[in-house]
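Undergrad: sequence below, structure please.
(one chain, ligands or ions: 2)
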Amino acid sequence: MTTSAYKMKEVDTKKALFTIFTGICKGCGLCMEKCPAKTLVWSKTLGVYGTPAVEPKDAEGCTGCGMCATVCPDCAILIERKK
Ligand code: SF4
Ligand code: SF4
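TA: Numbering: from 1, shown residues only. Ligands and ions are numbered 1, 2, ... in the order given. Reported below is the predicted structural model:
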């Protein structure tokens with residue numbers, strides 16, 4: 001694994017800190033499909049294959065449920081829930 005795997009983007013939402021490891025995300029869209037809040041959108045930041053990564057569309061919609069992190073086949077999302 002090269003250091004590019006550790007590229008990341010953080011989005012601070014109301015309920016959780018959302019981190020996408022853009023050096024891992026392959027842009028498959030599974031997390032978007034499974035997000036119960038339908039709050040994930042394609043990012044301007046590119047993933048490992050040069051396709052868009054994902055991010056929450058704003059600070060409001062994400063509930064911090066962690067489903068996106070659970071379903072990602074590549075563990076490219078980290079959800080840290082706020083108290
Ligand atoms: S933590 Fe839950 S609500 Fe937030 S983006 Fe992931 S699946 Fe959607
Ligand atoms: S499921 Fe993982 S690899 Fe696929 S788009 Fe989402 S974060 Fe990227």
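Undergrad: quick one: residues contacting the most centrally placed residue in the chain.
TA: By Cα atoms, centre = their mean, the mean C-alpha position of the chain lies nearest to Ile20, the distance being 4.0 Å. Contact partners of Ile20, counting by Cβ atoms under 8 Å, 6 or more residues apart in numbering, are Met8, Lys9, Val11, Ser43, Thr45, Ala53, Val54, Glu55, Ala76, Ile77. Where you see a C-beta, it was placed from the backbone N, CA and C, and this is true even at glycine.
Undergrad: switch to 10 Å and redo it
TA: 7-11, 31, 40, 43, 45, 47, 53-56, 68-69, 72, 76-78 (Cβ atoms under 10 Å, 6 or more residues apart in numbering).
Undergrad: repeat that for Lys34.
TA: Residues near Lys34 by Cβ under 10 Å, 6+ apart: Leu40, Met67, Cys68, Thr70, Val71, Cys72.
Undergrad: and if you look at Glu10?
TA: Counting by Cβ under 10 Å, 6+ apart, Glu10 makes contact with Leu17, Phe18, Thr19, Ile20, Glu55, Leu78, Glu80.
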